[in-house]
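Student: Fold the following and give me the result.
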Amino acid sequence: MLNKFKFICCTLVIFLLLPLAPFQAQAANNLGSKLLVGYWHNFDNGTGIIKLRDVSPKWDVINVSFGETGGDRSTVEFSPVYGTDAEFKSDISYLKSKGKKIVLSIGGQNGVVLLPDNAAKQRFINSLQSLIDKYGFDGIDIDLESGIYLNGNDTNFKNPTTPQIVNLISAIRTISDHYGPDFLLSMAPETAYVQGGYSAYGSIWGAYLPIIYGVKDKLTYIHVQHYNAGSGIGMDGNNYNQGTADYEVAMADMLLHGFPVGGNATNIFPALRSDQVMIGLPAAPAAAPSGGYISPTEMKKALDYIIKGIPFGGKYKLSNQSGYPAFRGLMSWSINWDAKNNFEFSNNYRTYFDAIPLEK
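Tutor: Just a heads-up that it's a prediction; the model follows:
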């Protein structure tokens, strides 16, 4: 027993000191090295309706929110909140002419996708491809916050058995293959579904890990929602509160470095490439009712540490002390909340990222 304990401890020490070989992914469709991704409301929640062509040019990728399923929970539907289909398609073409990427986000807080069998999977594929072709979307964003969980006997993220997850992976790969290497694929899970798998693996905890692993070669980037989460345990075993620089660094470091799943030092979720990793943040305090807003001043401390390896005196120590220069950027909920908050998010972080020299 003592020898086993020593082995586990030694394994953890080696794991924390040595970065893991990152996943390999397909080329990412002429995107910049530092991105601002924003969700655009296809609904009115009091923040105002913004026409697509009027979105601030500081955003690189606009996630149209949301494509939602109908009564069968597998057929994705979408209708523009303003104007006609022709006007909406014209606005998409206009933004694309300016070098922007327009992505259809699937799900959201209230969206549910259920793929229990092959028939449901095929309806999901067919309906999504129809919408992509109709409006000219550059890709899809998987933002499922309901219906993703692991069955009780599903314990291996490399070989999942839960039908919902197996079928979703298959559907995503089919759609991505259909459109080729320039197809943009992103994900926006909550922390419980990703970093939550560090402490436990089962039910919702770590439930996105098999999905990420299953489409790792297709994934453009992932921006986990670092908000409405409360707190999270870092790889150093400490608990960090959302809305702090320590929290942002600790949560991002798991995907940048890789981490043991379910407390098992021999079951490692490998690192993503650093250009596949982003952080999701609320654009204003009101955008995240359960917390997670972080001021630009505080967040820039985290970004300096993550990207440049410049410490800010926090408690969490980045696994790679020299930083991750290719870290991809930030996502925000949302473009509309940012506009209502006097463009605090897009103005601050566009200026910050544009000041970083391009990698040679």
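
Student: any idea how far the residue lying closest to residue 155 once chain neighbours are set aside lies from residue 251?
Tutor: In space, not counting the residues next to it along the chain, residue 155 is nearest to residue 201; the distance is 6.8 Å by CB to CB, 6 or more residues apart in numbering. The C-beta positions use only the backbone N, C-alpha and C, and glycine is treated the same way. Between residue 201 and residue 251 the distance, using CB to CB, to the nearest Å, works out to 17 Å.

Student: How many residues are close by residue 87?
Tutor: 14 (other CB atoms under 10 Å).

Student: Also residue 229?
Tutor: 22.

Student: got it, and residue 181?
Tutor: For residue 181, using other CB under 10 Å, the count is 12.

Student: mind checking pLDDT for it?
Tutor: As summarised for this prediction, residue 181 has a pLDDT of 96.

Student: Just say helix, strand or coil for it.
Tutor: Following DSSP: H, G, I helix; E, B strand; the rest coil, the label given to residue 181 is coil.

Student: same question, residue 89
Tutor: helix.

Student: Report pLDDT for the nearest residue in space to it that is not next to it in sequence.
Tutor: Excluding its sequence neighbours, the residue lying closest to residue 89 (CB to CB, 6+ apart) is residue 135, at 5.7 Å. Per-residue confidence (pLDDT) for residue 135: 98.

Student: so who does residue 135 touch?
Tutor: By CB atoms under 8 Å, 6 or more residues apart in numbering, the residues touching residue 135 are 78, 85, 88, 89, 92, 102, 104.

Student: same thing but 10 Å
Tutor: Contacts for residue 135 (CB atoms under 10 Å, 6 or more residues apart in numbering) come out as 64, 78, 80, 85, 88, 89, 91, 92, 93, 102, 104.

Student: rewinding a little: distance check, the residue nearest to residue 155 against residue 287.
Tutor: Residue 201 is 30 Å from residue 287, by CB to CB.

Student: likewise residue 223?
Tutor: Taking CB to CB, one finds residue 223 at 15 Å from residue 287.

Student: Residue 117 now?
Tutor: From residue 117 to residue 287 the distance is 37 Å (CB to CB).

Student: what sits up against stretch 353-360?
Tutor: With CB under 10 Å, 6+ apart, stretch 353-360 has contacts from 32-36, 58, 60, 275, 303, 307-308, 325-330.

Student: Give me the buried positions along that stretch.
Tutor: By neighbour count with 16 or more other CB atoms under 10 Å, stretch 353-360 contains the buried residues residue 353.

Student: what's the answer for stretch 120-131, then?
Tutor: 120, 121, 123, 124, 125, 127, 128, 129, 131.

Student: How about stretch 131-150?
Tutor: Buried residues in stretch 131-150, counted by 16+ other CB under 10 Å: 131-132, 135, 137-145, 147-150.

Student: For it, output the C-alpha coordinates as PDB.
Tutor: Provided in PDB are the C-alpha atoms of stretch 131-150 (Å, rounded to 0.1, in the frame of the first residue of the first chain):
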ATOM      1  CA  LEU A 131     -29.000  25.900 -41.900                       C
ATOM      2  CA  ILE A 132     -25.300  26.200 -42.600                       C
ATOM      3  CA  ASP A 133     -25.900  26.100 -46.400                       C
ATOM      4  CA  LYS A 134     -28.900  28.400 -46.200                       C
ATOM      5  CA  TYR A 135     -27.300  31.300 -44.300                       C
ATOM      6  CA  GLY A 136     -23.600  30.700 -45.100                       C
ATOM      7  CA  PHE A 137     -22.300  30.100 -41.600                       C
ATOM      8  CA  ASP A 138     -18.600  29.500 -41.300                       C
ATOM      9  CA  GLY A 139     -19.000  26.800 -38.600                       C
ATOM     10  CA  ILE A 140     -20.800  25.700 -35.500                       C
ATOM     11  CA  ASP A 141     -20.300  26.300 -31.700                       C
ATOM     12  CA  ILE A 142     -21.400  23.500 -29.300                       C
ATOM     13  CA  ASP A 143     -22.900  25.300 -26.300                       C
ATOM     14  CA  LEU A 144     -25.000  22.500 -24.800                       C
ATOM     15  CA  GLU A 145     -25.700  23.200 -21.100                       C
ATOM     16  CA  SER A 146     -28.400  20.600 -20.700                       C
ATOM     17  CA  GLY A 147     -28.600  16.900 -21.700                       C
ATOM     18  CA  ILE A 148     -24.900  16.200 -21.500                       C
ATOM     19  CA  TYR A 149     -24.100  13.700 -18.800                       C
ATOM     20  CA  LEU A 150     -22.300  10.400 -18.400                       C
END
